[in-house]
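Chemist: coordinates only, sequence not included:
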Ligand code: 13P
């Protein structure tokens, strides 16, 4: 089954608007017309408008790092799906482990965001993954199952192929400790099996499942060669044009 690879950069709380514009320009200078890989840049909210302007007419897509499920209201510090849409945002990262950990986000709340994103034609990048303690306790697959089933509750068959799932083992994020290809593929295959049970083989085969956690040009080719690894959600290595472009090239070569 052919699935177009995705390389998404999660810039987290890095880059002022000016710095973000410079990075986006450097990236599109090399990969702006690259169409064999879906490329998504996810700057902080404060840089979305400026980066949207740089990406106008380019193949590179724009993503948010979070959103609130409600349409509007008294939610200080939050942004809605519609607000993202008006900035030409097409994707949104939801349920990142940093938000689960630091902001107490639960599967039920993340699920509301997934449904709200889909209702506004935003493509959710739903993050799932276990902590080191959970892996050591042997509960990796149970945790991932809870995150996937909880996050996708109520997502209809006709919507599922617009959802991207990112498997990000928490112990591999920002630590330099990448999961082995076998560890990653095991969980990716497990997620695809779950999707098959929920949505049937045809649809499950179309869903892109990304790996995230210390993915770099040096380890990307090996990970991307695995049958169920359809791209990467990149933190640290997305903050420099050179390494991000090399990751796009690795995905292009692996297609
Ligand atoms: P690093 O690539 O810095 O490990 O971060 C991964 C991540 O959290 C992407 O969302």
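Modeler: Happy to help now that I have it. On a predicted model such as this, the values are computed, not experimentally measured, just so you know. Numbering: from 1, shown residues only.

Chemist: in the stretch 151-255 of the chain, which residue sits nearest the ligand?
Modeler: Among the residues of the stretch 151-255 of the chain, residue 235 lies closest to the ligand, at 2.3 Å counting by CB to the nearest ligand atom. Any C-beta I mention is one placed from the backbone N, CA and C, and that applies to glycine too.

Chemist: could you give the bridge partners of the closest residue to that residue other than its chain neighbours?
Modeler: Among residues not flanking residue 235 along the chain, residue 10 sits closest, at 5.3 Å (CB to CB, 6 or more residues apart in numbering). Legend: beta-bridge partners of residue 10 under DSSP bridges are residue 42.

Chemist: so what's the residue count around residue 10?
Modeler: Using other CB atoms under 10 Å, residue 10 has 27 other residues around it.

Chemist: show me what contacts it?
Modeler: Residue 10 makes contact with 42, 65, 93, 96, 212, 233, 234, 235, 238, according to CB atoms under 8 Å, 6 or more residues apart in numbering.

Chemist: what subset of those residues is buried?
Modeler: 42, 65, 93, 96, 212, 233, 234, 235, 238 (16 or more other CB atoms under 10 Å).

Chemist: which of the residues you listed fall within strands?
Modeler: The strands, defined by DSSP state E, take in 42, 93, 233, 234 from these.

Chemist: and the nearest residue to the third one once chain neighbours are set aside, its phi and psi?
Modeler: Taking CB to CB, 6+ apart, and ignoring the residues beside it in sequence, residue 233 has residue 212 as its nearest neighbour in space, at 3.6 Å. Residue 212 has phi and psi values of phi -140, psi 140 when expressed as degrees, to the nearest 10.

Chemist: same check on residue 225?
Modeler: phi -80, psi -20.

Chemist: hang on, it packs against residue 253?
Modeler: No: applying CB atoms under 8 Å as the test, residue 225 and residue 253 come out as separate, 9.4 Å apart.

Chemist: circling back to that earlier point, look up how far residue 109 lies from the residue of the stretch 151-255 of the chain closest to the ligand.
Modeler: Using CB to CB, to the nearest Å, residue 235 is found at 22 Å from residue 109.

Chemist: next: residue 35.
Modeler: For residue 35, the distance to residue 109 - CB to CB - is 35 Å.

Chemist: picking up where we left off before, test my guess that the residue of the stretch 151-255 of the chain closest to the ligand contacts residue 211.
Modeler: No: the criterion here is CB under 8 Å, and residue 235 misses it with residue 211 at 11.9 Å.

Chemist: list the buried residues in stretch 80-97.
Modeler: Quick answer for stretch 80-97 (16+ other CB under 10 Å): 80-81, 83-85, 87, 89-97.

Chemist: out of those residues, which is nearest to the ligand?
Modeler: residue 96 (5.8 Å).

Chemist: which stretches of this protein have low pLDDT?
Modeler: 32, 34 (pLDDT under 70).
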